[in-house]
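Colleague: Need a 3D model of the following:
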Amino acid sequence: MSQTITKIDPESPEFQTELEKTIKFTDKVCAQFGFAYNPDAEINQGIQFGLTRNKLMHGKRYCPCFFITGNKEEDRICPCKPALEHEIPEDGVCHCQIFCTPEYAASQAKSEEIEAVTHQHSRGLTTEECEFLLQKRNIDSDELTALFEARELGMVSFKLVDVREWMEWKSGRIEGVDALVPTSSFFQTLNEVELQNSENIILYCHVGSRSAHCQRILTDMGYTKVSNLAHGIVAYNGKIVRG
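Modeller: Numbers count the residues shown, from 1 in each chain. Next up, the predicted model:
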């Protein structure tokens, strides 16, 4: 390993003492601005370690997600101005992910809970979880399977739309798909299937790229609830219908 690398022992008394001060500092930032911590404790710990390292190495708690250039106008000291003025108000979370609005933190916690349910198959989704899931821009195979199960129980309503071509549809399509709207004749076919602007729509294609493109088109057209099956039919683990 290169000898130019500065090595700081996180188990050293010096580091641990400064880490305690950093944690009190980030607690104070949350209290002062009304922020919440990220529900992912590993993210928070990693940033707190980085802030502590920078304080020991450079004398200030510089943001650990950016290079330290020595330019006072460019270097970010936590909590940095871009985070306070733009990132958190506009995105709900700072670049480093440690500071969030309470709403963002609650949404992330709910998302992590739903992800655990759909991937571990520990139970079925609640109606609230279904609605939350359908707000996502991208869903995966397990999430679509869980939504199918909920739809069969009458808990949620959505349309699954295949945007591949007819020959691909014949070769194999997801069981439960509601419509074929080929990308090559997208606008003409869209009028025929009569999708409503406010209904839940999930698009899929072969690997997720065409459906992502069609998702952007529908959003621009005023459709408000359009999700994309990430990675497409090739990554789908459910039943495929052929012929």
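Colleague: Where in the chain is the helix or strand with the lowest mean pLDDT?
Modeller: Within the chain, no helix or strand scores below helix 102-120, which has a mean of 84 by mean pLDDT, DSSP states H and E.
Colleague: That one: how far from the chain's middle?
Modeller: Helix 102-120 sits 10 Å away from the centroid of its parent chain (CA atoms, centre = their mean, to the nearest Å).
Colleague: Next SSE downstream of it?
Modeller: Sequence-wise, the next helix or strand downstream of helix 102-120 (DSSP states H and E) is helix 127-133.
Colleague: List the buried residues of that following helix.
Modeller: 129, 130, 132, 133 (16 or more other CB atoms under 10 Å). For the C-beta atoms, the positions are set from N, CA and C on the backbone; glycine is no exception.
Colleague: what's the farthest-apart pair in the residues you listed?
Modeller: Farthest apart among these by CB to CB are 130 and 132. That separation is 7.2 Å.
Colleague: Specify the helix with the largest residue count in this protein.
Modeller: The helix spanning the most residues in the chain, taking DSSP state H as the definition, is helix 13-33.
Colleague: For it, name the packing helices and strands.
Modeller: Packing partners of helix 13-33 (3 or more CB pairs under 8 Å, 6 or more residues apart in numbering; DSSP states H and E): strand 36-37, helix 41-58, strand 99-100.
Colleague: May I have the residues that are in contact with the closest residue to residue 178 other than its chain neighbours?
Modeller: Among residues not flanking residue 178 along the chain, residue 159 sits closest, at 4.5 Å (CB to CB, 6 or more residues apart in numbering). By CB atoms under 8 Å, 6 or more residues apart in numbering, the contact set of residue 159 is 178, 179, 195, 199, 200, 201, 202.
Colleague: Next one: the first one, what pLDDT does it get?
Modeller: Translated: residue 178. pLDDT, residue 178: 97.
Colleague: Equivalent analysis for the fourth one, please.
Modeller: In the predicted model, residue 199 carries a pLDDT score of 96.
Colleague: And it, its phi and psi?
Modeller: Backbone torsions of residue 199, given as degrees, to the nearest 10, read phi -90, psi 160.
Colleague: cool, the third one as well?
Modeller: Backbone dihedrals for residue 195, given as degrees, to the nearest 10, come out at phi -80, psi 140.
Colleague: May I have the residues that are in contact with it?
Modeller: With contact taken as CB under 8 Å, 6+ apart, residue 195 is in contact with 159, 161, 179, 201, 223.
Colleague: can you tell me which of the residues you listed lies nearest to residue 235?
Modeller: Set against residue 235, the nearest of those by CB to CB is residue 161 (17.2 Å).
Colleague: Residue 205 is in contact with the closest one, correct?
Modeller: No: if you go by CB atoms under 8 Å, residue 161 and residue 205 don't touch, sitting 9.8 Å apart.
Colleague: which residues sit against stretch 77-87?
Modeller: 25-26, 29, 33, 51, 60-63, 76, 93-96, 99.
Colleague: Residues touching the one helix or strand residue 216 maps to, excluding its own?
Modeller: Element membership of residue 216 [criterion: DSSP H and E] is helix 209-220. With contact meaning CB under 8 Å, 6+ apart, helix 209-220 is reached by 137, 163-164, 181, 183, 186, 201, 203-205, 226-229, 232.
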